[in-house]
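Visitor: sharing a sequence plus its predicted fold:
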Amino acid sequence: MKRLLPHLALTLVVALLMLGLLSWLCSAAFPDSGLHSLLSGEGIRWFLGRLASLMATPVLVWILLLAAAWGAMQHSGMLHTDATYRRRRARIIMLSYLALFVILVALLALMPHAVLLSATGTLWPSPFSASLVPVMAFALLSAAVLYGIVAGTFASLADVYHALLDGLRLSAPLLLFYILLAQLFFSLCFVFA
């Protein structure tokens, strides 16, 4: 896997470069085709001018939040199956917390005239659907921290902090692939728009 990921990243970079070259060739050969060239003045201005704003999508936030939650879940010990008294008690408290969390979110989203429904009363699209991944990440993160505190694996605030950072460190390969895929996707959208 360690050898595959660099080759996959290089493939995405080459695909982006090929898209730039092919868009330039096709727009020059077929000017009436409606294709936009990434190597024209317009394309270069678009690419450099929107580089950061195109990557700043909810998917980036989702990756970061889920990575922090994963780090907390790993370091808290909630994924382990051993059944000491302290871990069983922590698991019961954590599951009770998650049940209350789900009930609260359900009340905010499923009741008539609920706060998280859209203006027309639907779940999709609505504030509920827009916040589903961040809310799930927060639920997992807070449940893992609660579990770690009760089970004794998080003895201090520094332990929690380092667990969250470790999750973010583990997500670094995902962030690189997100950046490359986002640029390739939005560049395709520009060329064919």
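Guide: Happy to help now that I have it.
Visitor: ok, now which ones touch the residue lying closest to Val61 once chain neighbours are set aside?
Guide: Nearest residue to Val61, sequence neighbours excluded (C-beta to C-beta, 6 or more residues apart in numbering): Pro134, at 6.8 Å. For every residue, glycine as well, the C-beta is placed using N, CA and C. By C-beta atoms under 8 Å, 6 or more residues apart in numbering, Pro134 lies in contact with 61-62, 65.
Visitor: now with 10 Å?
Guide: 58, 61-62, 64-66 (C-beta atoms under 10 Å, 6 or more residues apart in numbering).
Visitor: now do the strand or helix carrying Trp70, average pLDDT.
Guide: Per DSSP states H and E: Trp70 is located in helix 58-76. Averaged over helix 58-76, pLDDT sits at 96.
Visitor: state the number of residues packed around the closest residue to Ala193 other than its chain neighbours.
Guide: Nearest non-adjacent residue to Ala193, counting by C-beta to C-beta, 6+ apart: His36, 6.6 Å away. By the other C-beta atoms under 10 Å criterion, the neighbourhood of His36 contains 19 residues.
Visitor: may I have the secondary structure class of His36?
Guide: coil (DSSP: H, G, I helix; E, B strand; the rest coil).
Visitor: what about the residue lying closest to Ser76 once chain neighbours are set aside, neighbour count?
Guide: Distances taken as C-beta to C-beta, 6+ apart place Gly148 nearest to Ser76, at 3.3 Å, with adjacent residues excluded. Number of residues near Gly148 (other C-beta under 10 Å) recorded here: 23.
Visitor: going forward, the N-terminal residue is numbered 29.
Guide: With 29 as the first residue, the last one maps to Gly176.
Visitor: correct me, but Gly176 touches Ala118?
Guide: Yes: between Gly176 and Ala118 there is a contact at 7.8 Å, judged by C-beta atoms under 10 Å.
Visitor: anything in contact with each of those two?
Guide: Each of 104-106 lies in contact with both Gly176 and Ala118 under the rule C-beta under 10 Å, 6+ apart.
Visitor: of those residues, which is the most crowded?
Guide: Ser104 (26 neighbours).
Visitor: against Phe182, how distant is that residue?
Guide: 6 Å (C-beta to C-beta, to the nearest Å).
Visitor: contacts only, for Trp74.
Guide: Counted by C-beta under 10 Å, 6+ apart, Trp74 has contacts 64, 66, 68, 82, 214-215, 218, 221.
Visitor: rerun at 7 Å
Guide: By C-beta atoms under 7 Å, 6 or more residues apart in numbering, Trp74 lies in contact with Phe218.
Visitor: ok, which stretches of the chain are helices?
Guide: Using DSSP state H, the helices found in the chain span residues 32-57, 69-77, 79-83, 86-104, 113-138, 155-158, 160-179, 185-198, 200-220.
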